[in-house]
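# Here is a sequence with its predicted model. Questions after.
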Amino acid sequence: MTDEAKQKFTSKVRRGLNWVHAQSRAEYDRLRNEAGGGRVPGFNAGELADIEAAIVWIEQNKEPRAG
């Protein structure tokens, strides 16, 4: 793969992460709100920490939206 092809691919992935971030953050927030500060059914504390870390990583690596 050429450097130009790698850059184009990376750019597509970073743009795609915008959608992934919006969807995952909304679903995670919904689950937490439904739990009302209590346990989120189906997840243990370690899994929730992993999800939060993944959402933070996506936020840091997605392409900034214009405007």
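Sure, I can see it. This is a predicted model, so every value here is computed, not measured.

# Look up how far residue 55 lies from residue 20.
Distance of residue 20 to residue 55, given as CB to CB, to the nearest Å: 9 Å. C-beta coordinates here come from the backbone N, C-alpha and C atoms, glycine included.

# can you check residue 2 too?
32 Å.

# Between those two, which is the more surrounded one?
More crowded of residue 2 and residue 55, by other CB atoms under 10 Å: residue 55, with 17 against 7.

# In contact with that one, which residues?
Each residue near residue 55 by CB atoms under 8 Å, 6 or more residues apart in numbering is listed here: 21, 24, 25, 28.

# could you say which helix or strand contains it?
Secondary structure from DSSP states H and E places residue 55 in helix 45-61.

# quick one: that helix to chain centroid distance?
Centre-to-centre, helix 45-61 and its host chain are 7 Å apart (CA atoms, centre = their mean, to the nearest Å).

# For it, buried residues please.
By neighbour count on 16 or more other CB atoms under 10 Å, the buried set for helix 45-61 is 48, 51, 55, 58.

# Could you export these as JSON lines, including distance to residue 15 and pLDDT?
Below are the buried residues of helix 45-61 laid out as JSON lines (distance: CB to CB, whole Å; pLDDT from 0 to 100):
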{"residue": "48", "distance to residue 15": "28", "pLDDT": "93"}
{"residue": "51", "distance to residue 15": "22", "pLDDT": "95"}
{"residue": "55", "distance to residue 15": "17", "pLDDT": "95"}
{"residue": "58", "distance to residue 15": "12", "pLDDT": "93"}
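
# Which member of these is positioned nearest residue 12?
Nearest to residue 12 among these is residue 58, at 15.0 Å by CB to CB.

# ok, the residue nearest to that closest one when sequence neighbours are not counted - contacts?
Counting by CB to CB, 6 or more residues apart in numbering, residue 58 lies nearest to residue 21, which is 4.6 Å off, once chain neighbours are set aside. Counting by CB under 8 Å, 6+ apart, residue 21 makes contact with 55, 58, 59, 62.
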